[in-house]
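Asker: Sequence first, predicted model second:
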Amino acid sequence: MKTLAVATNTFREARRDRVQWILLFYAIIVIAGAWVLSPLALGEAYRVTRDLGLAALSLVGVVLIALVGGGLVQKEIDRKTVFTILAKPIRRSEFLFGKFLGLMGMVTAVFCGMVVFLSLVLFLREGGVEPAVLVAAGFTYGELVILTAVVVTFSCFVSPILSGVFTLAVFGLGHFSADLLRFAEQSTAPIVAPAARVIYMLLPHLDRFNLRAEAAYGVVPDPVATAAALGYAVLYSASLLAVAVGILSRREFR
């Protein structure tokens, strides 16, 4: 109940922030842009619409997480409200998990709005929405769950601006983690190769959540791949939150 109370309050505060509505409007513009660009695609209009629409889900989602979630914990410290909250019989782990759930609630609301709009555009253009598109959107949501855990972790020990910047950096590097591993395998330097492998292991492998190419051709991943991606998102997010709890438990507030 305590975690739920923190989550509800966090969701209400995030909902008051107008940035999510601005980003939602931006997503609508980007997705609608596919309607304008598709005549230039030489018979590939539906693929352009799907690819651009799904890309907007991922990009807008991570920007929203970085902007709203960057100050999730630090704002409570700056306002001194953290003293009031933690003075009550609530553990720091409950406080942090409530923050995570509240932010995820806001991200989920905006994400669902974008998916509904994308589905409407596809329905008007193609007469229906293929399951591959919805599955790809679901994978994108898994990516956003991980990034929400990332920004919550960063917000425990760095400033809001740095939390957002680091989250965007993780988003970019996470999509190129496989390239980093290939670089490590080809490098002959005694220090670079091991360091690259360590970074590869620590970074979230967000490339496995990118199914835009498959959605463009109507390919649905097999159940094993879907279960593996779901399990990875849950385990990685849980591990990050455990690290965040450890950091917050050792932090002294002044």
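Answerer: That came in fine, so what should we check first?
Asker: Residue 36: neighbour count?
Answerer: 8 (other C-beta atoms under 10 Å). Just so you know, the C-beta spots here come from the backbone N, C-alpha and C atoms, and that holds for glycine as well.
Asker: how near is it to residue 124?
Answerer: In this view, residue 36 and residue 124 are 14 Å apart by C-beta to C-beta, to the nearest Å.
Asker: residues contacting residue 248?
Answerer: Contacts here follow C-beta atoms under 8 Å, 6 or more residues apart in numbering; on that basis residue 248 touches 73, 92, 95, 96, 156.
Asker: got a markdown table for these, with neighbour count, pLDDT and secondary structure too?
Answerer: Listed next are the contacts of residue 248 as a markdown table, based on neighbours: other C-beta atoms under 10 Å; pLDDT from 0 to 100; DSSP: H, G, I helix; E, B strand; the rest coil:
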| residue | neighbour count | pLDDT | secondary structure |
| --- | --- | --- | --- |
| 73 | 27 | 79 | coil |
| 92 | 19 | 81 | helix |
| 95 | 22 | 86 | helix |
| 96 | 24 | 88 | helix |
| 156 | 23 | 86 | coil |
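Asker: where does the chain dip in pLDDT?
Answerer: Across the chain, the ranges flagged by pLDDT under 70 are 1, 17, 38-45, 82-83, 85-87, 184-185, 187-189, 253-254.
Asker: Break down it into its helices, ranges please.
Answerer: Counting by DSSP state H, the chain has helices at residues 2-16, 19-37, 45-69, 74-78, 81-87, 92-126, 131-154, 160-174, 177-186, 192-202, 212-216, 223-250.
Asker: Just give me the residue closest to the centre of the protein.
Answerer: For the chain, the residue nearest the mean C-alpha position is residue 144 (2.0 Å; C-alpha atoms, centre = their mean).
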